[in-house]
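> Take a look and give me a structure for this.
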Amino acid sequence: MLSVFRYTLWLWALFPYGLFAQHSGMYAPLFSALEFETAYPFQEQRALVVMDGYYRYLTDKGLLLPFRFKRASEHPGFFETGRALIYTPTGKYGYINPEGQLVIDTIYNDAQPFSDSLAVVQREGFWGYINTHGKEILPCTNKYNILTPFKNNVAVVYNTGNALSDDMKFGVIDKKGEVIIPLEFNRIAGFNEGYAIAGRERNGGVGIINKKGNFVVPDRYAVLSDVHEGICAFRTTKGPRWGFINLEGEEFVPAIYEYAGDFHEGLAYIVNQEQKTGFVNKKGEVVIGFRFKDAGDFSDGVAAAAIDTIKNGKSARLYGYINKEGHWVIEPSFESAMPCTNGTMLVSYRFNNKLKQVYIQKPVSQ
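Residues are numbered from 1 along each chain as shown. Okay, the predicted model is just below:
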């Protein structure tokens, strides 16, 4: 799975007028006057960056929000539903708005990012849910030992009224706090597209359930990924290979691959036994051949991908971006390449033996 892309090489020469030159197109570096120690992809038109030892938030217009926080082992949150999770040096959590203003006070002992317009928080040792105005929608009480973020208007809960243990049970509540799936499962993952991966037996397999708690795919698999675009990757209990299954239980791609990603924009990456990566469509057809050493999910019509090559007499793994035909829209040039978000990509390269991170725009030809 491609989460953070790593490789080594120099960036190609800087082209006049601030454009980088590639055989397959032109792309412009953004916010070139800013120097980042660390940077993260944009989310809701805001990106978390580190500058001069402080966490800052950068807008997609290149402006820095007034909020800043001394860099520590834990970083602030990314923006979700117009709120970002922050914390104080004393370990209290709160939330800021897209303008960088504190709108939910730092009064919580623990907290999670917003999801489905609600956030899990802990106050005085008890868990509950707040909305984006800081109002407790489901009060912080001892009713639940552990809460998880809402997704698709439901949330997984553990062991109502019981102490945590190896035999804890999972169930599901709605936004009114009502139990809609009894705590009878050994495990339930978060819902996605209205379905969740779940299993009833402690040492048994997993399947796919709907919001009524009914299995639409039997719990006979060793591993299932989250449902994406009505499909999930699976690994059987009989071996380590991966394939794809739909919500009708049809294994339309057999378990023949070393690894399989999730479907995004109609394609999913797959890894063969030679550790080469390609892409498959929803018909199970390999539409981009196995010619990459690594690749990520498609977004905005492009995906980051890597090849191994020789540069200056040394081995190097270089990352660039491909389109859905498998053609390079930005040829391999970077030491890291993150998914494209609203036409913006985060990449890194080496300059004077120092790793640089920069945001670039998707090529104008795409």
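> gap between the two ends of stretch 85-92?
11 Å (CA to CA, to the nearest Å).
> how distant is that stretch from the center of its chain?
23 Å (CA atoms, centre = their mean, to the nearest Å).
> Can you give me the buried ones in that stretch?
Residues of stretch 85-92 classed as buried by neighbour count (16 or more other CB atoms under 10 Å): Leu85, Ile86, Tyr87. For glycine as for every other residue, the C-beta is placed from the backbone atoms N, C-alpha and C.
> Isn't Phe244 up against Val280?
Yes. Counting by CB atoms under 8 Å, Phe244 does reach Val280; the two are 7.3 Å apart.
> Quick one: low-confidence residue ranges for this protein.
Scanning the chain for pLDDT under 70 picks out 1-26, 145, 160-167, 365-366.
> thinking again about what came up before, between Phe244 and Val280, what contacts are shared?
Residues touching both Phe244 and Val280 (CB atoms under 8 Å, 6 or more residues apart in numbering) are Val253, Ala260, Ala268.
> Next step: the residues you listed restricted to strands.
Per DSSP state E, strands hold the following members of the shared contacts of Phe244 and Val280: Val253, Ala260, Ala268.
> got those as CSV, with neighbour count and distance to Ile104 columns?
CSV is the format used below for these (neighbours: other CB atoms under 10 Å; distance: CB to CB, whole Å):
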residue, neighbour count, distance to Ile104
Val253, 25, 44
Ala260, 24, 39
Ala268, 24, 37
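> Put together TSV for those residues, with distance to Met345 on each row.
Formatted as TSV, these follow (distance: CB to CB, whole Å):
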residue	distance to Met345
Val253	29
Ala260	24
Ala268	20
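> could you dump the helix or strand containing Glu331 to CSV, C-alpha only?
In this structure, Glu331 sits in strand 328-334 according to DSSP states H and E. In CSV, the C-alpha atoms belonging to strand 328-334 read as follows (Å, rounded to 0.1, in the frame of the first residue of the first chain):
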residue,chain,number,x,y,z
TRP,A,328,3.2,9.8,-17.5
VAL,A,329,1.8,13.3,-17.0
ILE,A,330,4.7,14.2,-14.8
GLU,A,331,7.7,11.9,-15.4
PRO,A,332,9.5,10.3,-12.4
SER,A,333,11.5,13.0,-10.8
PHE,A,334,10.7,13.1,-7.1
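> Show me the strands paired with whichever helix or strand Leu58 is part of, marking each as parallel or antiparallel.
Assigned by DSSP H and E, Leu58 falls within strand 54-59. If you go by DSSP bridges, strand 54-59 pairs up with strand 46-51 (antiparallel), strand 64-70 (antiparallel).
> Sort out which one of the shared contacts of Phe244 and Val280 lies nearest Asn131 for me.
Nearest to Asn131 among the shared contacts of Phe244 and Val280, counting by CB to CB, is Ala268 at 34.9 Å.
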